[in-house]
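A.B. asks: Quick one, fold the following:
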Amino acid sequence: RSPPSRLITYDLSAAVEPDVADELTSDLDGTKDKEPGRPLAPRLSQPAAIWTDVQPSEFSSVTMNGDIAYVNDYDFGLVIFDLTDPRKPVKLGKTVGCGEGRIGGYVADGLAYVGQTFGGSIVVSDVRRPAFPKVLGHYWDGEWNEYWSRFAGRGRILYAPRDGAVKILDFSDPAAPVFKGTFNDVDGKPLAAANPCVWDTTCCIAAAYPNECRYVLYDVADPVKPALVGRLAIPGSTNTVVQMACRRGRLVCVDGMRLRVLDAQDRASPKRLGEITLEEMKRVDARAKLDVYQGNAEAVCLVGDYAYATFCDDKHTTTGFLQFDLSDPTHPRFVKMMDPQPQGFYAGWADFYGDCLSYGPFLVGGNYGQIELFDASNPRDPRPVGNASRWFQWSCGVADRGLLFAPSLSGIAIYRLPVPEPLGGEPVVAGSN
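C.D. replies: Residues are numbered from 1 along each chain as shown. Below is the predicted model:
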C-alpha cells in the first residue's frame, strides 16, 4: 500500500531532440497521431536527482512556490522540500494531514477533529474562523484509528476508537493532547471493535463480538472519568462495526446484518424495541445490502420518522441509501432502496455512498467524489438540490451551526449549508485546511 516514494528531478536543459528511434517507439505504442508538422517532444536524459523517502509514503502531487516544493502525501499529509539546488533536494519538514480522512464527525468549542485512516494521527484544527481554519496540533501514539468507527466526545475531551479500545483523549491544550484512559466493560477490559455515541451526559459504546453485540452505557458528566451505568448484550452474529444514530435516548443501530432500535432512556435498563434483518429486507428488494465495503456497515442517520443507511455492493455498481420507516419503533419497516444520484460526478468509485448525516430537513450524502445535499422535507422521497465535488471524499464529517466540516485527503473542507428550511442550493466552500 505504501512503498517508498521518490521525488525525481530532471534537467530540462539537457533534453535532446527526438530521433528516428523515438518516432518508431511512438508508432509501436500506437500514439503517433500527432498533428502534421508538429515535432515529437524532446527526449529527457537520466534524472538529475532522486530523493527517496525512507518512511512509508505515497507522494501524489507537487506544487511549486519559488524554490519550495509542496508534495501531497496521499497517506500521511504534506511534505515540504527546498529545491534551491534542484540536484540536491532538502526535506524541510512534514505536516500531518488527513490521510484518507475517513474518521471525523466531532466538532466542539471551535475545534474540529479528523483522524487518518493510514498512520493513525488525529488532527485538531481551530475552525472558529471558518474561512481561515488552522491546525493546532495532533495526537499520535503509534496506533491506528478504527477504520469504520467515529469520534464522539464532550467539550475538548475526545472519545476515539483506536486499535482495540475507545480511548479518552484530553485536548484542553490542543498542541499537547493527553491520554486519560479507555472505556472498559464490567470485566475491566477495553471494549473492542467499538463505536461511541454521546447525548447529554450519556455515552453508549456499541461493541461487536463474534457471538454477540454489547451496548454499554456510561455517565460522562465527568467526561474523563466515565461511570458504567447500564449494559445490554444481545446474542447473535455481529461481525461488523455498529453504526449508531440517537434521538432523545432512542438508538438506531445498523451493522452488516440488521437495523435495530434500542430504548436507552432508562440508562440502567436499556432494552431492544425492534429490529429488521437483512434477510427480511431482501424480500422487499434482493439488492439490499448492509456490509457495503470490506464487510462493514457504513452510516445511518435520522430524518423525521425515517432512517437512512448508506450502502454499495462489492463492485460499486449498486449504491445509495436504504430507507426505513421507524414510525413504529417496535416494528421497523424497510421501505425501499434508493440511488438519488445514479449518474455520479465521477465514474466507478465515485458512485459509492460511504457516509450520511441529517441536518434539519436535509440529508447529506458522502459519495466518495462529492458531497451531495438532498431536501428530505418529504422523507419518503428526498430530492437532490446540490453537490460539491471534493476528491476522495470518504466522510460527510459533521454539521454544526450551519457549517459542514468534511474530512478529505487534503484536510478539512468547510461548507456553508442552507438554513434549516428546504430552500435548496449548492453547498459553498467556506474554507479549507
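A.B. asks: Pull up the gap between the residue nearest to Ile168 when sequence neighbours are not counted and Arg250, please.
C.D. replies: Closest residue to Ile168 apart from its sequence neighbours, by CB to CB, 6 or more residues apart in numbering: Lys180 at 4.3 Å. Heads up, the C-betas are built off the backbone N, CA and C, glycines and all. Counting by CB to CB, to the nearest Å, the gap from Lys180 to Arg250 is 29 Å.
A.B. asks: Same drill for the two, tell me which one is more crowded.
C.D. replies: Between Lys180 and Arg250, counted using other CB atoms under 10 Å, the more crowded position is Arg250 (17 against 14).
A.B. asks: The residue nearest to that one when sequence neighbours are not counted bridge partners, please.
C.D. replies: Once flanking residues are discounted, Arg250 sits nearest to Asp263: 5.9 Å by CB to CB, 6+ apart. Under DSSP bridges, the beta-bridge partners of Asp263 are Arg250, Lys271.
A.B. asks: Could you number the chain from 23 rather than 1 from now on?
C.D. replies: Taking 23 as the first residue, the last one we looked at is Asp285.
A.B. asks: What is the neighbour count of Asp285?
C.D. replies: Counted by other CB under 10 Å, the residues lying close to Asp285 total 17.
A.B. asks: go on, Ala229?
C.D. replies: Quick note: Ala229 (other CB under 10 Å) scores 23 neighbours.
A.B. asks: residue ranges of the helices in this protein, please?
C.D. replies: For the chain, the helices defined by DSSP state H occupy 42-50, 300-306.
A.B. asks: residues in contact with the residue nearest to Val306 when sequence neighbours are not counted?
C.D. replies: Nearest residue to Val306, sequence neighbours excluded (CB to CB, 6+ apart): Phe356, at 5.2 Å. Contact partners of Phe356, counting by CB atoms under 8 Å, 6 or more residues apart in numbering, are Leu281, Ile298, Glu302, Met303, Val306, Asp307, Ala310, Leu344, Gln345, Phe346.
A.B. asks: any idea how far the closest residue to the last one other than its chain neighbours is from Asn206?
C.D. replies: Counting by CB to CB, 6+ apart, Ala329 is the residue found nearest to Phe346 once chain neighbours are left out, at 4.3 Å. In this structure, Ala329 and Asn206 are 30 Å apart, going by CB to CB.
A.B. asks: follow-up on the earlier one: mind giving me TSV with the contacts of Phe356 and columns for distance to Arg28, neighbour count and pLDDT?
C.D. replies: Shown next, in TSV, are the contacts of Phe356 (distance: CB to CB, whole Å; neighbours: other CB atoms under 10 Å; pLDDT from 0 to 100):
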residue	distance to Arg28	neighbour count	pLDDT
Leu281	47	27	92
Ile298	52	18	94
Glu302	53	15	92
Met303	48	23	89
Val306	52	15	88
Asp307	48	15	83
Ala310	45	19	75
Leu344	44	27	88
Gln345	48	20	92
Phe346	49	23	95
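A.B. asks: sorry, back to before: which one's more surrounded, Ala329 and Asn206?
C.D. replies: Ala329 (26 against 17).
A.B. asks: Beta-bridge partners for that one, please?
C.D. replies: Counting by DSSP bridges, Ala329 forms beta bridges with Leu324, Phe346.
A.B. asks: Any idea how far stretch 270-285 is from the middle of the chain?
C.D. replies: Centroid displacement of stretch 270-285 relative to its chain, using CA atoms, centre = their mean, to the nearest Å, is 21 Å.
A.B. asks: Name the residues of it that come out as buried.
C.D. replies: In terms of neighbour count (16 or more other CB atoms under 10 Å), stretch 270-285 has its buried residues at 271-285.
A.B. asks: okay, how far is it across that stretch, tip to tip?
C.D. replies: From its first residue to its last, stretch 270-285 covers 9 Å (CA to CA, to the nearest Å).
A.B. asks: cool, stretch 396-403 as well?
C.D. replies: Its first and final residues considered, stretch 396-403 spans 10 Å by CA to CA.
A.B. asks: least confident pick among the buried residues of stretch 270-285?
C.D. replies: Ranked by pLDDT, those bottom out at Gly278, which scores 78.
A.B. asks: thinking again about what came up before, worst average pLDDT in the helices of the chain?
C.D. replies: Set side by side, the helices of the chain give their lowest mean pLDDT on helix 42-50, at a mean of 37.
A.B. asks: Quick check: the closest residue to Tyr92 other than its chain neighbours vs Ala230, distance?
C.D. replies: Closest residue to Tyr92 apart from its sequence neighbours, by CB to CB, 6+ apart: Thr85 at 4.6 Å. Distance, Thr85 to Ala230, by CB to CB: 42 Å.
A.B. asks: do Gly258 as well
C.D. replies: To Ala230, Gly258 is 11 Å away according to CB to CB.
A.B. asks: Looking at those two, which is more packed in?
C.D. replies: A count of neighbours by other CB under 10 Å puts Ala230 above the other of Gly258 and Ala230, at 23 against 12.
A.B. asks: Point out where the stretch 73-222 of the chain drops to low pLDDT.
C.D. replies: Applying pLDDT under 70 to the stretch 73-222 of the chain picks out residues 78, 82-83, 94, 96-100, 116-127, 139-141, 153.
A.B. asks: at 90 what do you get?
C.D. replies: The model of the stretch 73-222 of the chain has pLDDT under 90 over residues 73-105, 108-111, 113-130, 132-157, 159-160, 162-172, 184-186, 214-217.
A.B. asks: the strands in the stretch 323-455 of the chain, which residues?
C.D. replies: Assigned by DSSP state E, counting those that start in this stretch, the strands in the stretch 323-455 of the chain fall at 328-334, 341-347, 355-360, 377-381, 384-388, 390-397, 405-415, 420-422, 425-430, 433-438, 450-454.
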